[in-house]
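Q: coords below, sequence missing:
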């Protein structure tokens with residue numbers, strides 16, 4: 001009986017830990033305000049026919065809202081405005097293909113839900129480019145508002161410069177669409193984007209147009225960002241995300257958007273796996 005009592009007590013503690021409550025302001029309005037920058041398919045974009053938000057993050061947000069018993073109010077934001085919106089309270093969370101970076105943890109906590117890395121790709125017509133090291137001395141385009149320029153330079157220093165080859169020239173663009181447009185116009189030799197987007201671009205968005213070069217590098221994770229002063233909301237989202245993984249909802253959304261290679265086995269917090 002004593003052992004049974006201990007087991008039941010442990011179960012009760014576990015159940016209590018998983019049953020997080022929402023902050024009073026969210027519980028009262030039943031609304032979570034979400035900053036989103038919808039230019040990053042398949043994570044988030046606008047359907048050209050309807051103008052509605054679509055993508056992996058949008059479907060995940062819908063499942064998260066259902067689990068929490070709230071609705072999501074999306075705020076279309078420029079990438080560089082999302083974190084200020086979060087820290088000033090204009091947004092409650094960021095769910096928009098945002099990488100969890102140590103520097104960003106000074107302002108926000110991150111519930112990690114997807115793996116990623118930097119991936120080079122170029123046009124199929126560039127027969128002379130067969131591997132990532134063929135890009136040494138070439139010009140690579142990538143979104144300037146991301147961490148990719150710095151990561152590409154680091155990769156270039158290690159794989160090009162250290163081998164006695166010319167460094168990669170990195171050109172920052174307004175967004176990934178501009179980078180691909182420049183590639184097709186011949187202004188760039190290749191493009192670097194998050195690995196979770198490249199399979200979608202090469203197989204669905206623009207099939208028979210591009211080829212990847214090398215393997216993804218500079219591994220990172222996407223995270224739902226919540227302000228540091230909002231731990232109650234953070235814990236509620238973390239608990240809800242763990243339930244979505246446990247009941248198979250997360251995996252269903254992963255399969256729908258063909259992101260199996262980027263799926264996490266367990267939801268993390270600020271880069272650390274959760275039990």
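A: Nice, I can see it. Treat the numbers as computed from the prediction; the structure is a model and nothing was measured. Numbers count the residues shown, from 1 in each chain.
Q: So which elements touch the top strand by length along the chain?
A: In the chain, taking DSSP state E as the definition, the longest strand is strand 210-227. Using 3 or more Cβ pairs under 8 Å, 6 or more residues apart in numbering; DSSP states H and E, the elements in contact with strand 210-227 are helix 79-87, strand 93-94, strand 108-123, helix 148-159, helix 195-200, helix 231-246. C-betas here are computed from N, CA, C, even on glycine.
Q: what sits up against the last one?
A: So that's helix 231-246. With Cβ atoms under 8 Å, 6 or more residues apart in numbering as the test, helix 231-246 has contacts from 17-23, 26, 32, 60, 63-64, 67-68, 92-93, 109, 111, 113, 224, 226, 250-251, 264, 266-267, 269, 274.
Q: redo that, cut-off 6 Å
A: For helix 231-246, the surrounding residues in contact (Cβ atoms under 6 Å, 6 or more residues apart in numbering) are 18, 20, 22-23, 63-64, 67-68, 109, 111, 224, 226, 250, 267, 269.
Q: Need the buried ones from the residues you listed selected in ChimeraX.
A: Buried residues within the contacts of helix 231-246, by 16 or more other Cβ atoms under 10 Å, are selected in ChimeraX with:
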select :20,22,63,64,67,68,109,111,224,226,250,267,269
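Q: Report all helices and strands that the host helix or strand of residue 65 contacts.
A: According to DSSP states H and E, residue 65 maps onto helix 56-68. In terms of contacts (3 or more Cβ pairs under 6 Å, 6 or more residues apart in numbering; DSSP states H and E), helix 56-68 is packed against strand 71-76, helix 231-246, helix 249-256.
Q: Please name the residues that touch residue 169.
A: Contacts of residue 169 (Cβ under 6 Å, 6+ apart): residue 139.
Q: so what's it bridging to?
A: For residue 169, the beta-bridge partners are residue 139 (DSSP bridges).
Q: Give me the next element, helix or strand, following the helix or strand bottoming out on mean pLDDT in the chain.
A: None of the helices or strands of the chain scores lower by mean pLDDT, DSSP states H and E than helix 2-18, at a mean of 37. Next along the chain after helix 2-18, taking DSSP H and E as the criterion, comes helix 24-29.
Q: Buried residues of the longest strand of the chain, list them for me.
A: Buried-residue list, strand 210-227, by 16+ other Cβ under 10 Å: 210-214, 216-218, 220-227.
Q: Around the nearest residue to residue 67 once chain neighbours are set aside, how many other residues sit close by?
A: Leaving aside its sequence neighbours, residue 67 sits nearest to residue 240 (Cβ to Cβ, 6 or more residues apart in numbering; 4.2 Å). Residue 240 has 22 neighbours, counted by other Cβ atoms under 10 Å.
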